[in-house]
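Participant: How does the following fold in three dimensions:
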Amino acid sequence: MDISKDITKELFEKYVPAAKTADRNTSVFNRMQQYFETGLIWLREYIFGEAFIAHLDDEDIKPIVLEYLCVNGFYLAIPSLDLVLTGTGFGVVSTQDTAPASKDRVDRLRSDMCWKGLLVKSRIFKQLVKLDGWGESQNAIDEIASLYYDPEMLARFGPVDPDQSMMYSWKRVLTYRHDGDMSVAREISPEYYKALLEKIRTNKLTSYDHELMNHALRYIAASIVQRINGDPHIDAAIWGLRDHMERNIDNYPEYKASKLYQALHGEHYENKKEDSTFFFTA
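Facilitator: Residues are numbered from 1 along each chain as shown. Prediction:
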């Protein structure tokens, strides 16, 4: 199934206005087909997987996939195009009377297209998690491997550098999120952390999961700021994640069944006279 063949010049220019040319000029659009096909191969192999390729044609998924192919295709093609600066932004047809666009402007365009592609891919994930079985696939596990996995979260949780592109801020998140993410896992228990990721991948988060996750994402964002500034790492314990679960324990069954919870609330061993070893308990 090659749905990239469904991309028309009109559809392509709708999603990529910077590539708009006169109606009769199809040279740029014709060059894009190889990039559409490359993007589709990547989606099939690394996002959908063989078991879910048929869903590329679902009515809720296909339009988003076509948008992604347009945006990602242009992103991939930019280095090979002769971009020029026009009165309305960018053009892609070079003439002797038009100066080429500066490298800085072209780099910013490519960064913006990469960011837009990530946001479109995020919308694809929102559809895939609804499919029975996709959340258990290796593709899902690889793509949603952190609580702070979605670039759409950047606008809400940050940190965003107002002097840089959104792509720049997202790369910082990817660089620094690990420490905060692992601190959350230790604080809420590895069992519940694993369950949260599984629920994200299968669209099964409860309202209490959402509440805890939002709180955790604010912590991770704050932790990223600390890392960027070179400040000491924030202790997750002071963020109140575990306190919140303890107050609503019946709504967090994975935490309640965890080894961490048992260690905190289980009965301590009472030493007996006949014991050959004396056990110390905290």
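Participant: Count the neighbours of the closest residue to T202 other than its chain neighbours for me.
Facilitator: In this structure, T202 finds its nearest non-sequential neighbour in G135, 3.5 Å apart by CB to CB, 6 or more residues apart in numbering. The way it works is simple: take the backbone N, C-alpha and C, and place the C-beta from them, glycine included. For G135, the neighbour count with other CB atoms under 10 Å is 21.
Participant: Would you confirm that G135 contacts L205?
Facilitator: No: using CB atoms under 8 Å, G135 is not in contact with L205, being 11.5 Å away.
Participant: Got the phi and psi for G133?
Facilitator: When read as degrees, to the nearest 10, the backbone of G133 gives phi 100, psi -20.
Participant: Now the spatially closest residue to it that is not a sequence neighbour, what are its backbone angles?
Facilitator: Take G133 and drop its neighbours on the chain: the residue closest to it by CB to CB, 6+ apart is A51, 6.9 Å away. The phi/psi pair for A51 (degrees, to the nearest 10) reads phi -70, psi -20.
Participant: What separation do you get for A51 and K62?
Facilitator: Look at A51 and K62: by CB to CB, to the nearest Å, they are 18 Å apart.
Participant: more crowded one of the two?
Facilitator: K62 (15 against 12).
Participant: List the contacts of the more buried one.
Facilitator: Applying CB atoms under 8 Å, 6 or more residues apart in numbering to K62 gives the contacts I3, D6, L56.
Participant: Below-threshold pLDDT in the stretch 151-282 of the chain: ranges please.
Facilitator: Applying pLDDT under 70 to the stretch 151-282 of the chain picks out residues 267-282.
Participant: which of the residues in the host helix or strand of E13 are buried?
Facilitator: Secondary structure assigned from DSSP states H and E places E13 in helix 9-15. In terms of neighbour count (16 or more other CB atoms under 10 Å), helix 9-15 has its buried residues at K9, L11, F12, E13, Y15.
Participant: same check, this time on stretch 12-31
Facilitator: Across stretch 12-31, burial judged by 16+ other CB under 10 Å covers F12, E13, Y15, V16, A18, A19, K20, V28, F29.
Participant: Would you map the helices across the chain?
Facilitator: Taking DSSP state H as the test, the helices found in the chain are 9-15, 27-42, 62-77, 103-128, 138-143, 153-157, 166-188, 190-202, 207-229, 241-247, 253-256, 259-265.
Participant: Tell me which of those is the most buried.
Facilitator: Mean neighbour count (mean count of other CB atoms under 10 Å) peaks for helix 62-77 among the helices of the chain, with a mean of 23.
Participant: rewinding a little: so which of the contacts of K62 is the most crowded?
Facilitator: Highest neighbour count within the contacts of K62: L56, with 19 neighbours (other CB under 10 Å).
Participant: show me the contacts for it.
Facilitator: M1, I3, L43, R44, F48, K62, V65.
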